[in-house]
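Chemist: attaching a predicted model along with its sequence, questions to come.
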Amino acid sequence: MSAKPEHYDLIKKPIITEKATMASEAGAVVFQVAMDATKPMIKEAVEAVFGVKVKAVNTTITKGKVKKFKGRTGERSDKKKAYVTLEEGNTIDVATGL
């Protein structure tokens, strides 16, 4: 299965935080994904782009905070994260890139 251009639109970037690093020790990788992406779409995209077998996909939506920008009230955009659990023996090294 080859990676279609839509797959690259679904997966925006890997998330490298302390919590994501702890998840990677349990065999999971965290990505920021498009807001309209579904779990089956994310699974298909990760398998096609990285060539690994996905065991499970969990998603979470973080609502944007209200912040001040140069004295004016603004709102950060909402973000969707996908915790992708890989099958045994599969790994993705997000530190080195594609």
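Modeler: Structure received.
Chemist: show me what the helix or strand where Val29 lies is packed against.
Modeler: Val29 belongs to strand 28-33 when assigned by DSSP states H and E. Using 3 or more Cβ pairs under 8 Å, 6 or more residues apart in numbering; DSSP states H and E, the elements in contact with strand 28-33 are strand 11-14, helix 18-25, helix 39-50, strand 79-86. For glycine as for every other residue, the C-beta is placed from the backbone atoms N, C-alpha and C.
Chemist: go again using 7 Å as the cut-off
Modeler: Strand 28-33 sits against strand 11-14, strand 79-86, with contacts defined as 3 or more Cβ pairs under 7 Å, 6 or more residues apart in numbering; DSSP states H and E.
Chemist: pick the most deeply packed of these.
Modeler: strand 79-86 (a mean of 20; mean count of other Cβ atoms under 10 Å).
Chemist: can I get that strand in PDB? Just the C-alpha atoms.
Modeler: C-alpha atoms of strand 79-86 as PDB (Å, rounded to 0.1, in the frame of the first residue of the first chain):
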ATOM      1  CA  LYS A  79      -6.000  20.600  18.300                       C
ATOM      2  CA  LYS A  80      -6.600  16.900  17.800                       C
ATOM      3  CA  LYS A  81      -4.000  14.400  19.000                       C
ATOM      4  CA  ALA A  82      -3.800  10.700  18.100                       C
ATOM      5  CA  TYR A  83      -2.200   8.200  20.400                       C
ATOM      6  CA  VAL A  84      -1.200   5.400  18.000                       C
ATOM      7  CA  THR A  85      -0.300   2.000  19.600                       C
ATOM      8  CA  LEU A  86       1.900  -0.100  17.400                       C
END
